[in-house]
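Chemist: Below are the sequence and a predicted model; questions follow.
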Amino acid sequence: MSAPVSALTAGPDLRLSAADYGAVADHLYTLAGITLREGKEALVISRLGKRVRATGAKSLGEYIHAVIDGGMPAERTHFIDVLTTNKTGFFREPAHFDFLVDELFPAWTERRGEVRIWSAASSSGEEPYTVAMLVREHLASEIQQRTRILATDISTRILDAARQGRYTSAQTAGIPPELLRSYFDREATADGWVARRTLKDLVRYARLNLMEEWPMKGPFDLILCRNVMIYFDRETQERLVNRFAGLLAPGGVLMVGHAESLSGIQHPLEQLQPAVFRKRGAL
Ligand SMILES: C[S@@+](CC[C@H](N)C(=O)[O-])C[C@H]1O[C@@H](n2cnc3c(N)ncnc32)[C@H](O)[C@@H]1O
């Protein structure tokens, strides 16, 4: 790797050596399974630089080594938070939601017992709230009462935002106007919207690192794990998809991001359409 990249700001020394960049990449992989590609030095400096200032560390190097050596245990969460990408959106990759309404909902109407959905990298809530809107719109109220949506993410900061359910007008632009009016209230003080109770009541948020033990037993009828596996290496992806398969009910469905091909990965699921996989057996 080339010479240290420096940020030309006053205050703490934000130079990032190649060795420290490697140490950040290794630590992020260990903590979250995320592969930090080459050439992201500027991003690391800008994101961790904020934490250097917030913690009062004298330099980026000092901060990085304190986090890695465990000298700042509380900082581990912030380290993960600032280095993860949370890009998301309501009705993102709409083919998944068409499939949900056209194929899964009709199958679920035959079901007894709970319908269980897991949004496994939920970011700021747009994905689980999209599912919640469709549940409220399309499923009979008797089935709605038995429907549970679990939404998890590694980032506590983003989960706090999801629980609040506050979105700017730009963020809600992907929601059809009639659904926006039905499921969100106008913010009194800001140019935005806040999710109503009827959505929030369907979704339970919890912090979960996909690389660690999972406390829940399943089985799930639908798992969405979209646009996070792209940051994991093949081996990690394969392990993860097989763990998801183990938690799916027979006939249950896994949705991955459309940019996340599972080709070359050994798993027991059958592909139904791009980015939609099903566990064999009847629901
Ligand atoms: C790009 S967002 C995708 C959000 C949503 N699923 C979508 O497709 O719009 C990726 C999310 O994965 C989360 N994430 C990254 N590594 C994770 C891990 N090891 N365990 C759980 N969540 C993780 C990030 O915090 C981020 O919110």
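Modeler: Received, thanks. Residues are numbered from 1 along each chain as shown.
Chemist: Any stretches of the stretch 1-150 of the chain with poor pLDDT?
Modeler: Within the stretch 1-150 of the chain, the ranges that satisfy pLDDT under 70 run 1-10.
Chemist: For Pro128, give its distance to the ligand.
Modeler: Pro128 sits 9 Å away from the ligand, going by Cβ to the nearest ligand atom, to the nearest Å. No exception for glycine: its C-beta is placed from N, CA and C like everyone else's.
Chemist: Tell me, how many residues neighbour that residue?
Modeler: 26 (other Cβ atoms under 10 Å).
Chemist: and the nearest residue to Glu75 once chain neighbours are set aside, how far is that from Glu38?
Modeler: Distance criterion Cβ to Cβ, 6 or more residues apart in numbering; nearest residue to Glu75, sequence neighbours excluded, is Val67 at 5.3 Å. For Val67, the distance to Glu38 equals 21 Å [Cβ to Cβ, to the nearest Å].
Chemist: neighbour-wise, which of those two wins?
Modeler: Taking other Cβ under 10 Å, Val67 and Glu38 do not tie; Val67 has more neighbours (24 against 8).
Chemist: wait, that one sits on Pro73?
Modeler: No: counting by Cβ atoms under 8 Å, Val67 does not reach Pro73; the two are 9.1 Å apart.
Chemist: on that earlier part again, helix/strand/coil for the residue nearest to Glu75?
Modeler: The three-state label given to Val67 by DSSP: H, G, I helix; E, B strand; the rest coil is helix.
Chemist: Report the contact partners of the nearest residue to Gly113 once chain neighbours are set aside.
Modeler: Spatially, and ignoring its direct neighbours in sequence, Gly113 is nearest to Arg146 (6.8 Å; Cβ to Cβ, 6+ apart). Counting by Cβ atoms under 8 Å, 6 or more residues apart in numbering, Arg146 touches 113-115.
Chemist: now with 10 Å?
Modeler: For Arg146, the contact set (Cβ atoms under 10 Å, 6 or more residues apart in numbering) comprises 108, 111-116, 139.
Chemist: Would you mind measuring from it to Thr109?
Modeler: The separation that Arg146 has from Thr109, given Cβ to Cβ, amounts to 11 Å.
Chemist: same check, this time on Ser169
Modeler: 35 Å.
Chemist: Can you verify my assumption that Met216 contacts Phe244?
Modeler: No: using Cβ atoms under 10 Å, Met216 is not in contact with Phe244, being 11.9 Å away.
Chemist: With neighbour numbers in mind, choose between the two.
Modeler: Phe244 (24 against 13).
Chemist: now the more buried one, what's its secondary structure?
Modeler: Reduced to three states by three-state DSSP, Phe244 is helix.
Chemist: That one and the ligand: what is the separation?
Modeler: From Phe244 to the ligand the distance is 13 Å (Cβ to the nearest ligand atom).
Chemist: Equivalent analysis for Pro106, please.
Modeler: Counting by Cβ to the nearest ligand atom, the gap from Pro106 to the ligand is 24 Å.
Chemist: What of Ser261?
Modeler: The value you get for Ser261 to the ligand, if Cβ to the nearest ligand atom is used, is 15 Å.
Chemist: cool, Thr168 as well?
Modeler: On the measure of Cβ to the nearest ligand atom, Thr168 and the ligand end up 16 Å apart.
Chemist: Excluding residues flanking it in the chain, which one is nearest that residue?
Modeler: Gly192 (4.5 Å).
Chemist: Now the one you found: phi and psi?
Modeler: Per-residue torsions, Gly192: phi -170, psi -170 (degrees, to the nearest 10).
Chemist: Now do the contacts for it.
Modeler: Here Gly192 is in contact with 166-172, 184, 186 (Cβ under 10 Å, 6+ apart).
Chemist: At which residues are the helices of the stretch 151-283 of the chain located?
Modeler: 156-164, 177-183, 197-200, 234-247 (DSSP state H, counting those that start in this stretch).
Chemist: got the buried residues for the longest one?
Modeler: With burial defined by 16 or more other Cβ atoms under 10 Å, the residues of helix 234-247 counted as buried are 236-238, 240-241, 244-245, 247.
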